[in-house]
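Asker: Structural data only, the sequence is not supplied:
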């Protein structure tokens with residue numbers, strides 16, 4: 001009974017939203033008709049408005065079509081005549097799911113799986129059905145697990161019409177509108193409240209629908225394979241996000257292309273306890289405010305539902321899903337090339353890329369911190385002594401505020417401050433010859449001292465930022481690395497100090513070449529940048 005009431009309430013909310021949209025359109029149309037009947041200036045104004053609306057509609061349709069076309073072409077197409085075994089598996093899943101198979105399968109350099117099929121000619125003609133499948137999923141799942149994942153997406157996207165699918169589409173649409181409006185305006189707050197209310201009412205129904213899809217997949221692929229697929233997809237997705245941010249993006253920023261991205265990802269996952277850590281964090285929200293149209297069911301709830309199913313005799317003895325492909329090395333190479341957008345980049349092994357890229361990133365962070373302090377009035381360069389004074393007065397969070405987006409939490413601001421301070425001090429130690437970056441799959445930026453021992457600078461910086469007037473550990477670290485407090489870091493002579501700030505010409509990270517020297521100067525004692533930290537924050 002309660003689900004029936006929720007269904008009625010959800011449909012009424014959708015109907016109210018549709019009626020409001022229709023009323024708005026009718027009000028605008030009525031106003032234009034009245035203006036055109038009035039003649040004179042009103043008629044001319046109405047004509048201009050009508051032409052503007054048609055022009056805006058045309059631009060929106062062209063942009064949307066262009067986005068759909070670009071989205072549909074991302075990845076490497078898998079031909080039927082080249083990969084017959086793979087397509088046999090796809091056809092088998094489509095037949096068991098009761099849906100028409102896709103017309104095209106694209107392997108992409110991500111961990112997404114999406115079935116798309118936009119209709120054309122105002123919905124009168126069925127469009128091309130495509131299955132977008134992430135290569136890391138194909139490399140990390142077994143054949144049975146892949147069946148479960150693909151069957152779930154086929155049924156969710158192309159399955160028979162149902163009330164739950166309509167409500168789910170409403171969640172996606174309202175959620176996208178809410179996310180695009182942002183958080184600042186009154187309209188956005190109203191839409192966000194409405195979206196939250198709609199999701200709260202409809203989520204039990206859509207959640208039951210999602211669990212029903214999981215049960216269908218378990219009937220097809222087996223309980224064991226379905227549960228393993230749910231867990232592995234979440235782990236691979238979180239791991240790929242960490243891997244791309246920590247390794248691939250720094251290589252791209254340095255203008256280099258790693259030799260063997262997928263092989264590197266597999267090595268990254270083989271680090272001791274790496275999978276356990278990723279699995280533990282896989283059920284956590286990706287952000288503090290999850291998007292409204294994302295699944296409201298947690299991974300633990302879905303796993304518990306699958307585990308509670310009656311036991312079956314379907315044991316997963318299948319091999320890796322990547323074995324379904326002929327010439328997998330060639331396919332992997334083509335997908336990795338598509339990841340870098342076809343740009344001609346120098347290919348280098350991970351062992352050579354990561355230390356240099358980490359050093360370049362630390363230099364860029366040091367420059368950014370110096371730019372921010374100059375913006376606050378501390379001069380063209382930043383000395384170690386001035387930085388310690390800022391930390392001791394708890395002003396670093398205020399220094400980095402200009403580069404933070406509005407509405408971010410204090411934790412995000414503290415992380416940004418810690419990253420910039422760590423990059424500054426690491427650069428100082430590297431230039432002093434007492435520290436260096438080493439390649440490691442354990443952490444992307446593996447800072448070590450002269451003896452090769454892992455340096456705990458990030459932890460020391462976090463403690464110093466969290467506890468004002470407690471910089472003794474930092475001073476001890478500087479002393480052990482022979483970094484003088486009179487050391488100054490900043491921009492080369494003539495370099496614009498607004499680079500790297502919002503709206504500046506160097507908004508992207510690491511656009512400086514790897515061998516570009518950072519201006520280092522040692523001032524005479526007492527002549528460094530010793531303005532009071534209050535100059536950084538006007539009005540304090």
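Answerer: Yep, it's here. These numbers were taken from a predicted model, which means no experiment stands behind them.

Asker: who does whichever strand or helix holds residue 96 touch, helix- and strand-wise?
Answerer: With elements delineated by DSSP states H and E, residue 96 resides in helix 84-97, which encompasses its position. In terms of contacts (3 or more C-beta pairs under 8 Å, 6 or more residues apart in numbering; DSSP states H and E), helix 84-97 is packed against strand 104-108, helix 143-158, helix 186-221. In this view, the C-beta of every residue, glycine as well, is placed from N, C-alpha and C.

Asker: Among the ones you listed, which comes closest to residue 264?
Answerer: Ranking the helices and strands packed on helix 84-97 by distance to residue 264, with C-beta to C-beta as the measure, places strand 104-108 first at 17.4 Å.

Asker: State the pLDDT value of residue 485.
Answerer: Turning to residue 485, the model gives it a pLDDT of 86.

Asker: for residue 161, same thing?
Answerer: The confidence metric pLDDT takes the value 85 at residue 161.

Asker: ok, now which ones touch it?
Answerer: When the contact criterion is C-beta atoms under 8 Å, 6 or more residues apart in numbering, residue 161 has no partners at all.

Asker: That one belongs to a helix?
Answerer: No. Read with DSSP: H, G, I helix; E, B strand; the rest coil, residue 161 is coil and lies in no helix.

Asker: So what does it have for phi and psi?
Answerer: Backbone geometry at residue 161, expressed as degrees, to the nearest 10, gives phi -60, psi 150.

Asker: pretty sure residue 315 belongs to a strand, no?
Answerer: No. Counting by three-state DSSP, residue 315 falls outside a strand, being coil.

Asker: distance of it from residue 146?
Answerer: Relative to residue 146, residue 315 is positioned 16 Å away (criterion: C-beta to C-beta, to the nearest Å).

Asker: neighbour-wise, which of these two wins?
Answerer: Set residue 315 next to residue 146 and count neighbours by other C-beta atoms under 10 Å: residue 146 wins out with 27 against 11.

Asker: Strands along the stretch 201-350 of the chain, start to end?
Answerer: Listed from the start of the chain, the stretch 201-350 of the chain has strands (DSSP state E, counting those that start in this stretch) covering 256-258, 346-348.

Asker: Who are the packing partners of the first one?
Answerer: Think strand 256-258. Using 3+ C-beta pairs under 8 Å, 6+ apart as the contact definition, the elements that strand 256-258 packs against are strand 346-348, helix 350-375.

Asker: coming back round to it: got CSV for the strands of the stretch 201-350 of the chain, with mean neighbour count and mean pLDDT too?
Answerer: As requested, the strands of the stretch 201-350 of the chain are exported to CSV (neighbours: other C-beta atoms under 10 Å; pLDDT from 0 to 100):
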stretch, mean neighbour count, mean pLDDT
strand 256-258, 22, 86
strand 346-348, 12, 85
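
Asker: Just put those in CSV and tack on distance to residue 83.
Answerer: Written out in CSV, the entries for the strands of the stretch 201-350 of the chain read as follows (distance: least, C-beta to C-beta, whole Å):
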stretch, distance to residue 83
strand 256-258, 25
strand 346-348, 26
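
Asker: out of the ones you listed, nearest to residue 13?
Answerer: Nearest of the strands of the stretch 201-350 of the chain to residue 13, taken as C-beta to C-beta: strand 256-258 at 48.5 Å.

Asker: Distance from the chain centre to that closest one, please.
Answerer: Centroid separation for strand 256-258 versus its chain: 20 Å, with C-alpha atoms, centre = their mean, to the nearest Å.

Asker: Mind listing what's buried along stretch 16-23?
Answerer: Across stretch 16-23, burial judged by 16 or more other C-beta atoms under 10 Å covers residue 17.

Asker: average pLDDT for it?
Answerer: Stretch 16-23 shows an average pLDDT of 79 in the prediction.
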